[in-house]
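A.B. asks: Could you work out the structure for the sequence below:
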Amino acid sequence: MKIVLRLSFFILFLLITSCSSSKKINTDKNIDFTIAFGSCNKQNIKNKLWKEVKKNNPNLWIWGGDNIYSDTDNMEVLKNDYKTLKKQKGYLNLVKDIHVMATWDDHDYGINDGGIEFHKKDEAQQIFLDFFNVDKNSPRRKQKGVYQSKVFKTNKGSIKVFVLDTRYFKTALTNDTESTKRYKPNPYGKGSILGKTQWNWLTNELNNSKADFNIIVSSIQILSGEHGFETWANFPHEIDKLKNTIINNKAKGTLLLSGDRHISEFSKIKFKNLSYPLIDFTSSGLTHSYTEYRM
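C.D. replies: Next up, the predicted model:
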């Protein structure tokens, strides 16, 4: 099962992050469950990848954030930007018969690099839930933040997907005034990405997980921290907390998915006391890419 699932993730990752119209279509009948994921989608630009994703017949589509670009505290503008996305036939054809999970990042949250301080976050959350057709009576309507989890059972095992909210509770970043980088790590122990309530939720959910694979989705990168943009590395104690949470709860087959950067990237780290390497797959962007990257 592990080989088959990993192959599925690998195929979809390469497909979604390709900037050209590609290529390899998933026709392997041994693949039991296919997950497609991506982020950074400008609603006013034609997305050429929807058809390619559809060809792979995914069972689940995961939005990794920046699902639209709005950057506004005007909720009417935010609603209209979501309406623009909802009119795209390619997207509608993709998701009409499959499950969709989603988080947001800064541009659909409402403010660039924003976090806990955003004064319209509760209103923006309700519009987010409206777009994803969340029932008006759902507990998620009263929850602070858009995090969620869901178990998918397949003939060859189960997969639990945890979608994190790295915006609603995120505290201030530290500007880097000593280099060309935008941010530098906070002093160890200062600040949080997930906040106490979401951390408690994630810890309990991992502790109770019996899944063969556990997939954690973050709108910003978790393991890649050298670039100086937003990343979990701005809060080094939060990376340690996530590592210890995975180890202490003996979560099997944990895989990280992320977005934000407008590039494709694999990041890997081996932690002591974790029997497998932790890998962060970054898939971004769906409609545009970062062209100034240098090694």
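A.B. asks: tally of neighbours for residue 278?
C.D. replies: 21 (other CB atoms under 10 Å). Where you see a C-beta, it was placed from the backbone N, CA and C, and this is true even at glycine.
A.B. asks: could you list every residue that touches it?
C.D. replies: Neighbour list for residue 278: 223, 243, 246, 254, 256, 268-271 [criterion: CB atoms under 8 Å, 6 or more residues apart in numbering].
A.B. asks: do that again at 6 Å, thanks
C.D. replies: residue 269 (CB atoms under 6 Å, 6 or more residues apart in numbering).
A.B. asks: That one pairs with what?
C.D. replies: residue 269 (DSSP bridges).
A.B. asks: residue ranges for the helices of the stretch 151-295 of the chain, please.
C.D. replies: 195-207, 236-248 (DSSP state H, counting those that start in this stretch).
A.B. asks: Tell me which of the ones you listed is the most buried.
C.D. replies: helix 236-248 (a mean of 18; mean count of other CB atoms under 10 Å).
A.B. asks: how about the helices of the stretch 151-295 of the chain in CSV, adding distance to residue 180?
C.D. replies: Output for those, formatted as CSV (distance: least, CB to CB, whole Å):
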stretch, distance to residue 180
helix 195-207, 30
helix 236-248, 21
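A.B. asks: Would you format those helices as TSV with mean pLDDT and distance to residue 98 included?
C.D. replies: Formatted as TSV, the helices of the stretch 151-295 of the chain follow (pLDDT from 0 to 100; distance: least, CB to CB, whole Å):
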stretch	mean pLDDT	distance to residue 98
helix 195-207	97	23
helix 236-248	96	28
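A.B. asks: any idea which residue sits dead centre in this structure?
C.D. replies: Nearest to the mean C-alpha position of the chain, by CA atoms, centre = their mean, lies residue 64 at 3.1 Å.
A.B. asks: all strands for the stretch 151-295 of the chain, in order.
C.D. replies: For the stretch 151-295 of the chain, applying DSSP state E, counting those that start in this stretch gives strands covering 157-163, 174-175, 183-184, 213-218, 254-258, 265-269, 278-282.
A.B. asks: want to try CSV for those strands, with distance to residue 192 and mean pLDDT as columns?
C.D. replies: Formatted as CSV, those follow (distance: least, CB to CB, whole Å; pLDDT from 0 to 100):
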stretch, distance to residue 192, mean pLDDT
strand 157-163, 17, 96
strand 174-175, 14, 97
strand 183-184, 15, 97
strand 213-218, 14, 97
strand 254-258, 18, 97
strand 265-269, 21, 94
strand 278-282, 19, 96
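A.B. asks: Give me the distance from whichever strand or helix holds residue 101 to the chain's centre.
C.D. replies: Assigned by DSSP states H and E, residue 101 belongs to strand 99-102. Centroid separation for strand 99-102 versus its chain: 11 Å, with CA atoms, centre = their mean, to the nearest Å.
A.B. asks: what's next to the next helix or strand after it, contact-wise?
C.D. replies: Toward the C-terminal end, the helix or strand that comes next after strand 99-102 (DSSP H and E) is helix 106-109. Helix 106-109 has contacts (CB under 6 Å, 6+ apart) with 66-71, 112-114, 167.
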